[in-house]
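Peer 1: Need a 3D model of the following:
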Amino acid sequence: MALRTSFRSLGLRIGYVLAGIYVVATLAMGIVLAEFFLHLPKRHVEDGMVFRTRVWHQFHASVEDVSVKAADGAVLKAWYVRPPKPRGEAVLLLHGITGNRVDPSGFGDIFLKQGYSVLLPDSREHGESGGRIATYGILEREDVRRWVGFARKRDPGCTYLLGESMGAAIGLQATSVTPQLCAVAVESPYANFREISYERLGNETHLGTLFWKTLGRPAVEVAIVYARIRYKVYLPDAAPGKAVENSRVPTLLIAGTEDRDIPMHHAQELLARCEKHCWLWIIPGASHGGASTVVPVTFEFSVLDFFQKHDHAKLVPRLAKSGIDLGIVGGSFQDLAGL
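Peer 2: Residues are numbered from 1 along each chain as shown. Below is the predicted model:
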């Protein structure tokens with residue numbers, strides 16, 4: 001009996017020690033996660049002269065260094081590119097996480113040759129832009145609103161937006177506070193901050209989503225609480241799903257079947273929450289941000305047409321008339337529904 005009691009006491013002590021280690025490890029990991037989420041590795045803008053030279057030779061377009069001041073005083077920087085014969089409309093191009101304005105600059109070609117001006121901002125705490133922390137759309141949605149105001153002063157016609165990954169999520173959140181946007185197209189957006197946190201952490205740590213939804217979940221919650229206490233930002237407020245419910249801006253959601261970073265179920269969830277003004281285009285075989293690589297001609301045509309017309313009833317017939325193989329881009333009207 002004494003031996004059994006001794007083993008039981010030892011087991012309890014070990015249990016308490018393990019529980020204490022788990023609690024301490026969870027608190028430490030939560031703080032590390034929060035600091036990483038908010039202070040991302042920053043890539044400074046390079047090859048600016050290469051970009052300026054290229055667009056001048058290809059389009060005779062001038063590149064202007066521009067900036068706006070955010071509501072919190074952060075100075076946000078961008079390139080504003082105007083073709084020689086501007087049509088009076090502009091397109092914002094938003095980059096992904098840890099990127100900068102150079103990353104989406106190739107998309108500018110699509111619009112410059114059609115006479116659109118192109119605005120390429122660095123998101124806050126990215127590239128050359130200021131800002132204390134990155135907030136995945138909580139503060140950035142207002143930054144986009146300021147950029148739209150800037151663009152409309154230069155080109156008073158429609159302002160559009162094309163974003164990828166984090167830029168897609170920011171763009172969707174911006175639609176709820178920037179009704180002046182005529183239309184947006186977003187590739188690989190996420191719908192819910194917690195869900196994408198579990199999935200991305202699962203990929204990055206190779207522990208899987210299930211781990212972060214169970215044993216690792218308290219660390220994520222600690223990170224959220226820590227960010228709220230120290231930085232006054234509640235990360236789940238980065239909620240594209242909620243934003244699209246409160247928006248009426250025509251929105252084209254683009255998702256790839258092979259996207260492992262932000263699986264296409266996020267775009268499907270977004271569609272379910274805004275189906276009256278959102279349309280989903282699924283690209284078979286496309287990985288994260290890979291639609292323009294898998295179907296480059298169709299991507300260019302579809303985004304341009306969506307921006308110019310916003311009329312899903314006419315797009316599919318126009319695609320068929322143009323000779324583009326619909327099987328490449330989805331195979332059924334449902335996949336292209338609403339384009």
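Peer 1: from here on, contacts and neighbour counts on C-alpha atoms
Peer 2: Noted.
Peer 1: For residue 275, see how far away residue 22 is.
Peer 2: As judged by C-alpha to C-alpha, to the nearest Å, residue 22 and residue 275 stand 43 Å apart.
Peer 1: And for residue 269?
Peer 2: 10 Å.
Peer 1: before we move on, the earlier item: residue 22 and residue 275 - which one has more neighbours?
Peer 2: Using other C-alpha atoms under 10 Å as the criterion, residue 22 and residue 275 rank with residue 275 on top: 16 against 13.
Peer 1: Contact partners for the more buried one?
Peer 2: By C-alpha atoms under 8 Å, 6 or more residues apart in numbering, no residues touch residue 275.
Peer 1: What does the pLDDT read for it?
Peer 2: Per-residue confidence (pLDDT) for residue 275: 84.
Peer 1: do residue 13 as well
Peer 2: Model confidence at residue 13, given as pLDDT, is 70.
Peer 1: Leaving out sequence neighbours, find the closest residue to the residue nearest the centre of the chain.
Peer 2: Nearest to the mean C-alpha position of the chain, counting by C-alpha atoms, centre = their mean, stands residue 166 at 2.4 Å. Spatial nearest neighbour of residue 166, excluding adjacent residues (C-alpha to C-alpha, 6 or more residues apart in numbering): residue 96 at 4.6 Å.
Peer 1: likewise residue 196?
Peer 2: Per C-alpha to C-alpha, 6+ apart, closest to residue 196 is residue 190, 6.6 Å.
Peer 1: Would you mind confirming that that neighbour makes contact with residue 169?
Peer 2: Yes - at 6.0 Å, residue 190 and residue 169 qualify as touching, with contact defined as C-alpha atoms under 8 Å.
Peer 1: overlap in contacts of these two?
Peer 2: Shared contacts of residue 190 and residue 169, counting by C-alpha under 8 Å, 6+ apart, come down to residue 240.
Peer 1: Now do the strands in the stretch 101-250 of the chain.
Peer 2: For the stretch 101-250 of the chain, the strands defined by DSSP state E, counting those that start in this stretch cover 117-121, 159-164, 181-187.
Peer 1: Deepest in the core, which of these is it.
Peer 2: Among the strands of the stretch 101-250 of the chain, strand 117-121 has the highest mean neighbour count (mean count of other C-alpha atoms under 10 Å), at a mean of 28.
Peer 1: Which elements pack onto that strand?
Peer 2: Helices and strands touching strand 117-121, by 3 or more C-alpha pairs under 8 Å, 6 or more residues apart in numbering; DSSP states H and E, are strand 75-82, strand 90-94, helix 108-112.
Peer 1: could you give the angle of that strand to strand 75-82?
Peer 2: In terms of direction (axes from the mean of the first three to the mean of the last three C-alpha atoms, to 10 degrees), strand 117-121 departs from strand 75-82 by 160 degrees.
Peer 1: which other residues reach strand 117-121?
Peer 2: With C-alpha under 8 Å, 6+ apart as the contact definition, strand 117-121 has outside contacts at 76-83, 86-94, 100-102, 104-105, 108, 111-112, 151, 155.
Peer 1: and what of stretch 187-195?
Peer 2: 163-169, 196, 235-241, 253-256, 259, 262-264, 266-267, 269-270, 288-289, 291.
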